[in-house]
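[1] coords below, sequence missing:
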């Protein structure tokens, strides 16, 4: 899968649609990222007016941050590692709470976790990625089987995360 990232002077069309739809509905989003290292939040923040809908982002690259800041189960991380659908789900739920504004959790949480490569992680090959979206009481994780180099896997994950949120709105 080859995903083209916008040039620095371009705004991602899916991010633009997402910001517009969140604003129209009066909703706010929070982002928790591992393998994407802040790229999802950056794509959203590129859109003029994003401050009306984006609470913020957490780059939980280290599993200790997933556990301590986002509330991912230590037992789950110990047993399964960070590349697991339930880890993604717990990240998406946890970031809503972690980035609450004045005690109000974000309406939506989106999370990415996986293996960008070049080496396997937690026994999983590069391209094994989970994106989760938490909205209300619904939390869903989507498994992606991506191919390509490290940069390509990260780009494709960003595109999938934005698309997953849009599809669930």
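    Right, received. Where do you want to start? Everything numeric here is computed off the predicted structure, so don't read it as measured data. Numbers count the residues shown, from 1 in each chain.

[2] Leaving out chain neighbours, which residue sits closest to residue 82?
    residue 63 (5.0 Å; Cβ to Cβ, 6 or more residues apart in numbering). Using the backbone N, CA and C atoms, a C-beta is placed for each residue, glycine as well.

[3] can you check residue 124 too?
    Nearest non-adjacent residue to residue 124, counting by Cβ to Cβ, 6+ apart: residue 83, 4.6 Å away.

[4] what does stretch 67-78 contact?
    If you take Cβ atoms under 8 Å, 6 or more residues apart in numbering as the criterion, stretch 67-78 is touched by 32, 58, 60, 63, 66, 84, 86-87, 90-91, 93-95, 97-98.

[5] and which of the residues you listed is nearest to residue 119?
    Of all the contacts of stretch 67-78, residue 119 sits closest to residue 63, with 16.4 Å by Cβ to Cβ.

[6] check contacts around the closest one.
    So residue 63 contacts 72, 77, 81-82 (Cβ under 8 Å, 6+ apart).

[7] go on, residue 89?
    Residues near residue 89 by Cβ under 8 Å, 6+ apart: 111, 132, 134, 139-141.

[8] ok, back up a step: give me the pLDDT value at the residue nearest to residue 82.
    pLDDT for residue 63: 96.
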